[in-house]
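1. Next comes the sequence, and after it the predicted model I'd like to discuss.
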Amino acid sequence: MNAQAPALQDPRLNRPEPFAPPLGDGGFFQRDRSIHPPAHAPGYKSSVLRSPRQALLSIENSVSEITGPVFGHNDLGPLDNDLIRNYAKDGDPVGERIIVHGRVLDETGRGVPNTLVEFWQANAGGRYRHKKDTYLAPIDPNFGGCGRALTDDTGYYYFRTVKPGPYPWRNFVNSWRPAHIHFSVFGSGFAQRLITQMYFEGDPLIPVCPILTTIPDKDALDRLVAPLDLNASTPFDSLAYRFDIVLRGQRSTYFENRTAGN
Amino acid sequence: MPQPLNYLKETASQTAGPYVHIGLIPAMAGFDIFDKNFSNALVTPDTRGERITLEGKVLDGSGSPLRDVLLEIWQANAAGRYNHPADRSAGALDEEFRGWGRGGSDFDSGLVTFETIKPGAVTDKAGRKCAPHVNVWIVARGINIGLNTRLYFSDEEAANAADPVLNLVEPPVRRKTLIATRSERAGKVVYAFTIHLQGPDETVFFDV
């Protein structure tokens, strides 16, 4: 699997600077829905009753879409990006210690600075700390399973956790989710809002997952698979995986044109 | 071959799943972990504007409420100004109002509520006043990519009739799916809404 190859190469290396138009406050690039899962994806049965059937109404981005909530370090606590310690009661959680890191970029290759990234996951045995999860694997008393970080000036984020386990779920009788971490990302405008899931290089459950395979584009699916990043690991402590996330780019307005009559 | 454009592709969406609360509203998942939490209360005692409660449900194609859905709202303040640098309109900022909140539906009833203020009319790029509205984003198990819709207010009939987005909705009979209904309950102003994911009353969703 060609995990994340397009996103791992810094896109700015291939082109003269400045490539991107000046950062503007025009609308976002039109969303390419062919790389996203369709709302109605029958292989993922829960989508059948929960998918709109009318065409979406396309609207030009106005101030309502190009603005969005602004977060700061005051919203976070010091352990929020350390899932090994942020719920520890009497020791570290069980599991493979890993670091997950990467950049939040936009489609022009710019880092998205100071944006909120939230993440949540099952424990090493595949059990979620959630009142509705009844899987027989045990809760880990030292693992909450959620965290959050604010990207730095270059769009970089990182956190520490344990690798989540796969778990069964009711879709087909024998459906299992590959190990994954859920991500929620904001960007600068509400129209960039995105929730996705990160998977792990080499997981044999990836090609048979009814949720992952809702994605119709093979390259788009591969970009959700984080490669092992041995260079970022901490010897005798933690392995590392790299996961870059791309949000929609934003247009600039070069000339202010008024339509006739205005 | 022409020169390559080298744009990146947006990361594909995936469902938020049934356990979205763990990451976004851990108290609903049943535990306490963060020092500070985000919530469905957008107001402080000092926020300017008319206090309102938004209260509604999201119904699936069988008419049943989603009991594991998460909604986020994003809105202007009472002066019609978004708390974001890209809104350079004239209305005054309110430091006591971020304008954003998130709420999960009740695990039994499916009811979602927000404590907020009624937004003012925002100004679009052409300088037109838009009817007061709240932007809504919906994620849940079974929803593969977040759904965008809006809530307008039933007591803003004249502004709604002139709103540039509402007027794009065809056929016009579908415009009512975006309007929350005002009532008063024990002295509080409540706007009720129902979001239909499917069926004859399917809500208008936007490709923003």
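-> Received it, and whenever you're ready, just let me know what you need.
2. so residue A:207 sits in a helix?
-> Yes - read with DSSP: H, G, I helix; E, B strand; the rest coil, residue A:207 is one of the residues of a helix.
3. isn't it right up against residue A:213?
-> Yes - here residue A:207 reaches residue A:213: they are 7.4 Å apart, a contact under C-beta atoms under 8 Å. Placement of C-beta: from N, CA and C, glycine included.
4. Have a look at those two and say which one is more surrounded.
-> Set residue A:207 next to residue A:213 and count neighbours by other C-beta atoms under 10 Å in any protein chain shown: residue A:213 wins out with 15 against 11.
5. Identify the bridge partners of the residue in the stretch 51-200 of chain A positioned nearest to chain B.
-> Residue nearest to chain B within the stretch 51-200 of chain A (C-beta to the nearest C-beta): residue A:120, separated by 2.8 Å. Counting by DSSP bridges, residue A:120 is bridged to residue A:146, residue A:182.
6. again, but for residue B:193
-> Beta-bridge partners of residue B:193, counted by DSSP bridges, are residue B:56.
7. picking up where we left off before, what number of residues lie near the residue of the stretch 51-200 of chain A closest to chain B?
-> Residue A:120 has 28 nearby residues by other C-beta under 10 Å.
8. got a list of what it touches?
-> By C-beta atoms under 8 Å, 6 or more residues apart in numbering or on different chains, the residues touching residue A:120 are A:145, A:146, A:147, A:181, A:182, B:19, B:20, B:22, B:23, B:24.
9. Find the helix or strand that the residue nearest to residue A:180 when sequence neighbours are not counted is a member of.
-> Nearest non-adjacent residue to residue A:180, counting by C-beta to C-beta, 6 or more residues apart in numbering or on different chains: residue A:197, 4.5 Å away. Secondary structure assignment for residue A:197, by DSSP states H and E: strand A:194-200.
10. and that strand, what does it pack onto?
-> Under the contact criterion of 3 or more C-beta pairs under 8 Å, 6 or more residues apart in numbering or on different chains; DSSP states H and E, strand A:194-200 touches strand A:180-185, strand A:225-226, strand A:245-247.
11. Tell me which residue is most central in chain A.
-> In chain A, the centroid-proximal residue (C-alpha atoms, centre = their mean) is residue A:183; its distance is 3.8 Å.
12. just the contacts of residue A:120 now: which is nearest residue A:201?
-> Comparing those against residue A:201 with C-beta to C-beta places residue A:181 closest, at 13.2 Å.
13. Please verify my assumption that the closest one contacts residue A:164.
-> Yes - contact between residue A:181 and residue A:164 holds when scored by C-beta under 8 Å: they sit 6.4 Å apart.
14. Name the residues contacting each of the two.
-> By C-beta under 8 Å, 6+ apart, the residues touching both residue A:181 and residue A:164 are residue A:121.
15. what residues does the strand holding residue A:197 touch?
-> Against strand A:194-200 from outside (C-beta under 8 Å, 6+ apart): A:100, A:163, A:178-185, A:187, A:206, A:211-212, A:224-226, A:241, A:243, A:245, A:247, B:10-17, B:20, B:139, B:146.
16. hmm, 6 Å instead?
-> Strand A:194-200 is contacted by residues A:178-185, A:206, A:224-226, A:243, B:11, B:13-14, B:16, B:139 when judged by C-beta atoms under 6 Å, 6 or more residues apart in numbering or on different chains.
17. Please apply the same query to stretch A:90-97.
-> Under the contact criterion C-beta under 6 Å, 6+ apart, stretch A:90-97 has outside partners A:84, A:124, A:140, A:142, A:143, A:162, A:163, A:238.
18. ok, now stretch B:194-208?
-> Contact with stretch B:194-208 is made by A:50, A:52-54, A:56-59, A:65, A:191, B:56-61, B:147-149, B:169, B:174, B:177-178, as judged by C-beta under 6 Å, 6+ apart.
19. Averaged pLDDT, the strand holding residue A:197. What do you get?
-> For strand A:194-200, mean pLDDT rounds to 98.
20. Direction included, what does it pair against?
-> In the sheet containing strand A:194-200, its partner strands are strand A:180-185 (antiparallel), strand A:225-226 (parallel), by DSSP bridges.
21. can you tell me the average pLDDT over the longest one?
-> It refers to strand A:180-185. Mean per-residue pLDDT for strand A:180-185: 98.
22. now do stretch A:109-120
-> Here stretch A:109-120 scores 96 as its mean pLDDT.
23. So what's the gap between it and the chain middle?
-> In terms of C-alpha atoms, centre = their mean, to the nearest Å, the centre of stretch A:109-120 is set 9 Å apart from its chain centre.
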